Structure formats: structure tokens, C-alpha cells
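S.K.: need a 3D model of the following:
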Amino acid sequence: MIRLAVIVASTRHGRFGPTVAAWLTAKARRRADLEIDLVDLAETRLPQDLTDPDQPLPPRVAALAPRLAAADAFAVVTPEYNRSFPAPLKTAIDWYYEEWRAKPVAFVGYGRESGGHHAISQLRQVFTELDAVGIREAVTLPCYWELFAADGTWPKATATCNAELNHMLDRLSWWAHTLREARLVTAHP
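M.R.: Below is the predicted model of the structure:
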């Protein structure tokens, strides 16, 4: 089994992130190869001020560390704010280092017309700096509010994002297996 941590990046009131994360986790839980840990940054309430490396971690940071360390892969669900990703996500990324290292990261972005492309592009650079592997396949949801079905469900069964998510999860699983085996055989330099 691959342990997949799904990270909900938005902490705003009235946010859409939990809806996207629920869709992603429902699809992922149907697979026999994935075990899901939902990490909602609005619930973790990580402190914004980072400590010096020689200081002890604040309790909330220390509590999340084992969950991230146990993950074989990550799926980040992020909105796009002003052509970027939310500040609480950057804070969460910066609190940790080893937890991301040599693990694959997939992205599901949502927003207006760009669908999160700008946020995802920046996140790829940030995770690369941490020696994580941002996988090529991503799901972007431009004008996500248009994907509601008449009965209020989201997304519509005919929406292309359903197939895109399945493909992304296939690739994320492959990378997670491959990188986990590599970490077991050889320490990351």
C-alpha cells in the first residue's frame, strides 16, 4: 500500500478546497493501492513564525511531522490566489524538510480561468528545492463552479477532470512505489 497524504491548502472561510479534497480522496479510496491521510491545514493551525533549527518544534508542528514522514506520496489541493498558492501552504512546506525528500508530489489546482496553473507551476519549483519529485500530471479546475451537476453534486460525472484525476493517481502511485523502493535500497545523498 502507498500512504498518500492529501493536503488541503486553503484555510479561508467558505473555501472550496474541502470539496475538491473529498472528491480526490473518494476516488483514491476506491483504489486497492492507496491508503489516505487527509491533512487539512485549517485544522493543523501551524504557527506562521518559523523557529531556528536548534530550537524545539512547536507542538502543532511536531504533531504533524510523523504523518508527513509516514507518507509515501503527497497530493496538494490548492487554490490559486493572485497567480500563486496560499501562504499557509508555504508555511507548512517550510516547517519540514526530510518529510518531503525523495517523495512524489501531485497537484490539484482550482481557480478562475487559470484553474490553478500558476500556483502549481510555483509549487513545482518549491518542492524541487526540497528534493521532492513533482509529477508531470496535474489536475486543474478552471471555473470549477461550472462543474456542479443539476442535483448539486460536484463534479459532474461527465467532467474531464474525473479521467484526469485517475490518470494522475496512476502516475503518482507508480512514482511512489519507485521512489519508496529507491529509498529502501539507497540513502538519499
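
S.K.: helix/strand/coil for the residue most central in space within the chain?
M.R.: Geometric centre of the chain, nearest residue: Val76, 1.4 Å, by CA atoms, centre = their mean. Using DSSP: H, G, I helix; E, B strand; the rest coil, the structure places Val76 in strand.

S.K.: Thr11 now?
M.R.: Assigned by three-state DSSP, the conformation of Thr11 is coil.

S.K.: which residues in the chain form helices?
M.R.: Per DSSP state H, the chain carries helices over the ranges 17-29, 41-44, 59-70, 87-95, 117-129, 161-185.

S.K.: so for Gly152, which of these sits nearest?
M.R.: helix 17-29 (11.1 Å; CB to CB). Placement of C-beta: from N, CA and C, glycine included.

S.K.: can you state the direction angle for that closest one and helix 161-185?
M.R.: Here helix 17-29 runs at an angle of 70 degrees relative to helix 161-185 (axes from the mean of the first three to the mean of the last three CA atoms, to 10 degrees).

S.K.: enumerate the positions of helix 17-29 that are buried.
M.R.: By neighbour count with 16 or more other CB atoms under 10 Å, helix 17-29 contains the buried residues 17, 19-21, 23-25, 28.

S.K.: distance of the nearest residue to Ala73 once chain neighbours are set aside relative to Asp33?
M.R.: Excluding the flanking residues, the one nearest Ala73 by CB to CB, 6 or more residues apart in numbering is Ala176, at 3.8 Å. As judged by CB to CB, to the nearest Å, Ala176 and Asp33 stand 9 Å apart.

S.K.: burial measure for Val39, as a count.
M.R.: Neighbours of Val39 under the rule other CB atoms under 10 Å: 20.

S.K.: what do you get for Ala102?
M.R.: 17.

S.K.: show me the contacts for it.
M.R.: 131-133, 179, 182-183, 188 (CB atoms under 8 Å, 6 or more residues apart in numbering).

S.K.: which one is it nearest to, not counting chain neighbours?
M.R.: The shortest distance from Ala102 to any non-neighbouring residue, by CB to CB, 6+ apart, is to His188 (4.6 Å).

S.K.: is that neighbour in contact with Trp100, as I believe?
M.R.: No. Applying CB atoms under 8 Å as the test, His188 and Trp100 come out as separate, 11.0 Å apart.

S.K.: which of the two has more residues huddled nearby?
M.R.: Taking other CB under 10 Å, His188 and Trp100 do not tie; Trp100 has more neighbours (20 against 11).

S.K.: contacting residues around the more buried one?
M.R.: The contact partners of Trp100, taken as CB under 8 Å, 6+ apart, are 68, 74, 93, 127, 130-132.

S.K.: quick check on it: phi, psi?
M.R.: Backbone torsions for Trp100, taken as degrees, to the nearest 10, come to phi -90, psi -20.
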